[in-house]
Every structure is written in C-alpha cells, then in structure tokens.
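> Generate coordinates for the sequence data below:
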Amino acid sequence: MTSEALSGFKIFRLTEMIQQLGEERVEKVLSSFCSPMNEDIEYFLKQKAVPLEKQSVSRTHLVYASFRKKPVLTGYFTLSTKIFDIPKKSVSSNMKRKINRFGNYNSEMKCYTISAPLIAQLGKNYTNGYDKLITGDELLQMACDIISDVQLSIGGKIAYIECEDKSKLINFYEKNGFRIFSKRELDKDDKVKGKYLIQMLKVL
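Residues are numbered from 1 along each chain as shown. Predicted coordinates for the structure are as follows:
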C-alpha cells in the first residue's frame, strides 16, 4: 500500500487505502486534514479526491511521518495527466530543444502541444502542527520522484504545475527547478482568487 519516499516518510496511495480500509474510514481520515493557507487544497482532499480516484481521473498520495511513535498525515499530493500548450516565444532555445522531443509544434499557433504529468495538488496538513514534520521541498520532491519513476516505464521528462500568481508560491517552485511559461484562465470550479493560474514546467 506504500510507495518509495524520502527517508522518514511513507507514501500511501489513496486508491489502495480505499480498497483495504473502505471508503467511509478513508473519508474519516481525510476529514482531519486542515490547510488554512489554501482553501482549494483542503476542499479538494475532502470533497473531490475520492470521487476522482474512483473515476481514475487523478491519483492522490498521502504522506505520513512518525509523531510520538505514531504515523500521522503530514501532507498529500495529487497527480494526473494534462495536455497543454507552450508558446514558442515563452521558452529559451535550450528549453525548446528539450520539449520538442515530447510534444508537437503547431506552426500556425506558434506553440508546442504536450501531454505530461500534472502535479494537480500539493499541500501540508496543519492539524496539530503536523505541517512542521515535512517541508514543501520534500513534498514536491516526492511527487517529482514518482513522476520520474513512471516516466522510466512510459517515457517523458516533463512535470507540470499550476499555481496562484503569488510571489511566495512562484519563488517556491522556481527554487525547485520549475519555470514559468504561460498562464491559464480559471475554471468555474477553481477555488482560488484571481482570474488566472501561473503555468510552470520542469524537465526532470
């Protein structure tokens, strides 16, 4: 039920937790998650993660650490796949050479169309201070490690994220190797402020 994680952590796949524990018990576990800094992170885990898991639309991974000799939920991330466009003018020549291997170039639109893993959600659990047991860098690294493992089997080298237009978030992802290439208008079910999300990618 677990997958490889950084030392000191265990990753549990939500799909397998549902199979082994039952949906009711899993939803009780998820109900304890708290993310006061980001409403969308908490809402997704409590309201959308299980239905989307059952539909195989996305895969959520719960990250546990030991606290007072007991495993506690410290954070989670959700992975999916997405097709997106990268404007040619928004990336460097070096990046163009890299992404050209994994997408199709549309000369009329002057953009690359790529299908790649999306880190759709990434958040720490602030309940009882459990967020202090893990860093955002560690959580993001676990998500990227799983993407890399999958791509060893199916091909690809790109990871993709979307985030709010906040300097703190953008700096966090840039520090971890992601680069801005465009922005996307919000969907009506996006529970974030503003009119768009910043799109970023990383070559793993």
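> quick one, strands of the chain?
Ranges of strands in the chain, per DSSP state E, are 2-3, 9-13, 59-67, 70-87, 103-106, 111-124, 158-163, 179-185, 196-203.
> so can I have TSV of the ones you listed showing mean neighbour count?
Every residue, glycine included, has its C-beta placed from N, CA and C. Converted to TSV, those look like this (neighbours: other C-beta atoms under 10 Å):
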stretch	mean neighbour count
strand 2-3	14
strand 9-13	19
strand 59-67	20
strand 70-87	18
strand 103-106	14
strand 111-124	21
strand 158-163	22
strand 179-185	15
strand 196-203	20
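> averaging pLDDT over each of the ones you listed, which comes out lowest?
Among the strands of the chain, strand 2-3 carries the lowest mean pLDDT, a mean of 56.
> how about Gln141, what does it touch?
6, 176 (C-beta atoms under 8 Å, 6 or more residues apart in numbering).
> Any figure for the gap between it and Val57?
Using C-beta to C-beta, to the nearest Å, one gets 24 Å for the distance from Gln141 to Val57.
> before we move on, the earlier item: select, out of the strands of the chain, the one closest to Tyr130.
Closest to Tyr130 of the strands of the chain is strand 70-87 (C-beta to C-beta; 5.0 Å).
> Give the pairing partners of the closest one; include direction for each.
Sheet pairing here is set by DSSP bridges, and for strand 70-87 it gives strand 59-67 (antiparallel), strand 111-124 (antiparallel).
> Kindly provide the whole-number mean pLDDT of the lengthiest helix in the chain.
Ordering each helix of the chain by length in residues (DSSP state H) puts helix 136-154 first. The pLDDT scores in helix 136-154 average 96.
> so it versus strand 70-87, what angle?
Comparing the axes of helix 136-154 and strand 70-87 via axes from the mean of the first three to the mean of the last three C-alpha atoms, to 10 degrees yields an angle of 70 degrees.
> Tabulate the strands of the chain (a markdown table), appending distance to Cys34.
What follows is the strands of the chain, written out as a markdown table (distance: least, C-beta to C-beta, whole Å):
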| stretch | distance to Cys34 |
| --- | --- |
| strand 2-3 | 23 |
| strand 9-13 | 18 |
| strand 59-67 | 14 |
| strand 70-87 | 10 |
| strand 103-106 | 38 |
| strand 111-124 | 10 |
| strand 158-163 | 20 |
| strand 179-185 | 27 |
| strand 196-203 | 23 |
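> one step back: redo the strands paired with strand 70-87 as a markdown table? Include distance to Thr78.
What follows is these, written out as a markdown table (distance: least, C-beta to C-beta, whole Å):
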| stretch | distance to Thr78 |
| --- | --- |
| strand 59-67 | 4 |
| strand 111-124 | 4 |
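> still on that earlier bit, in the longest helix of the chain, what counts as buried?
Buried residues in helix 136-154, counting neighbours by 16 or more other C-beta atoms under 10 Å, are found at 136, 138-140, 142-147, 151.
> If the residue nearest to the spatial centre of the chain is in a bridge, with which residues?
Most central in the chain under C-alpha atoms, centre = their mean is Ile119, positioned 2.3 Å from the mean C-alpha point. Under DSSP bridges, the beta-bridge partners of Ile119 are Leu79, Ile161.
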